[in-house]
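Trainee: what follows is a predicted structure for the sequence shown.
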Amino acid sequence: MDSNKLIPKNCEFRITKDIIFYKKIVWIPLAKIVNRKLLHIFLDPRSSKVIFKFIKHLQKNTNYKFYFISPLLSDPHNIRTQLEVNDLNIENYLKNYAKPEFFSQFDKIEFDFIENLVEFASKTNSYNLINGILERVNRDVQDSYYDFRSKEHIFFYSKEVRERFNCLFREIQIKNLLK
Amino acid sequence: MHRDRSWRRYRQDVIFIKRIKSRFSKSSQWWYFLNSNDDEIENPSWVDLVGCKHINFYKCDKTDKHSSKIKNKYSLNRTKRQYYRPKYSNNYTTGCRESDKRLLFLILRENGFK
């Protein structure tokens, strides 16, 4: 497939050395072309709007499969082992799912984010890592502090996100059985 | 030159980049640096600041009359609402660039150089 078909219309995009960039003051890396059927998208909250536009375009007009990876992997200077890369990517999946830029927005464009995570984990043989990383991320999600003036516990994340993360591993297990 | 909306947007980006570059210093980030994705980066550059929430303030940064001493906007051409820089005279300067220049020309004229 022609690589120019990957780029949606009316947007400032560029492809150099199999990496797709978009313009937001500077050229920011958006995705990496692995082969003719696979893409790796850098999941970053600063490019959330562009990611949704890009996913819509991929689902409608192309047959590409795509997974999400950490934006730290766009820098080739850092050398990591395969285990570290898998750990980083799954943590990036779960960490960004708690953020308001992504949490409810994936449902609006009818994209199953958790199914994509399970597929990615089974493909990279890192399904066993999910439980440990989810506990680590969930500790940050459920974190709070006590405000002495209002005499209340104040949480950093909303109630919807906290309840979802408490039963997220069960959902992942069901998706893994049904795939 | 045709100054349309795209030109204004381009100039806005140029000013924003200039502000980020002037504020960014590696010495202030010696402990750790977090990018927009809350990841620690070892050798950050000013490009990593683009997209951070606390940096978006610089897009709408303005300088007013009472903002600070550093942002003092003085112009000789301004007639209305004119105000001056604070003068701190030393042995070497009068505290103002224009009066220094005037003094220099006076001394040159007295000695016959001009």
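Mentor: Nice, thanks for sending it over. Numbers count the residues shown, from 1 in each chain, chains lettered A, B, ... in the order given.
Trainee: where do the strands sit along chain B?
Mentor: Taking DSSP state E, chain B contains no strands at all.
Trainee: and it, what are its domains?
Mentor: In terms of domains, chain B is parsed into B:1-61, B:68-114 (source: automatic domain parsing).
Trainee: these into CSV, with extra columns for distance to residue A:73, mean neighbour count and mean pLDDT?
Mentor: Every C-beta, even on glycine, is put in place using the N, C-alpha and C of the backbone. Below are the domains of chain B laid out as CSV (distance: least, Cβ to Cβ, whole Å; neighbours: other Cβ atoms under 10 Å in any protein chain shown; pLDDT from 0 to 100):
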stretch, distance to residue A:73, mean neighbour count, mean pLDDT
domain B:1-61, 11, 12, 80
domain B:68-114, 41, 10, 70
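Trainee: and the pLDDT at the residue nearest to residue A:115 when sequence neighbours are not counted?
Mentor: Distances taken as Cβ to Cβ, 6 or more residues apart in numbering or on different chains place residue A:175 nearest to residue A:115, at 5.4 Å, with adjacent residues excluded. If you check residue A:175, the pLDDT there is 87.
Trainee: enumerate the positions of the one helix or strand residue A:175 maps to that are buried.
Mentor: When elements are assigned from DSSP states H and E, residue A:175 belongs to helix A:168-178. By 16 or more other Cβ atoms under 10 Å in any protein chain shown, the buried positions in helix A:168-178 come out as A:168, A:172, A:175-176.
Trainee: which of the residues you listed sit farthest apart?
Mentor: A:168 and A:176 (12.6 Å; Cβ to Cβ).
Trainee: got the domains of chain B as JSON lines, with distance to chain A columns?
Mentor: Formatted as JSON lines, the domains of chain B follow (distance: least, Cβ to the nearest Cβ, whole Å):
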{"stretch": "domain B:1-61", "distance to chain A": "3"}
{"stretch": "domain B:68-114", "distance to chain A": "23"}
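Trainee: so for residue A:55, which of those domains sits nearest?
Mentor: domain B:1-61 (18.0 Å).
Trainee: still on that earlier bit, if I look at the residue nearest to residue A:115, how far off is residue A:120?
Mentor: 12 Å (Cβ to Cβ, to the nearest Å).
Trainee: relative to residue A:38, how far out is residue A:151?
Mentor: Residue A:151 is 53 Å from residue A:38, by Cβ to Cβ.
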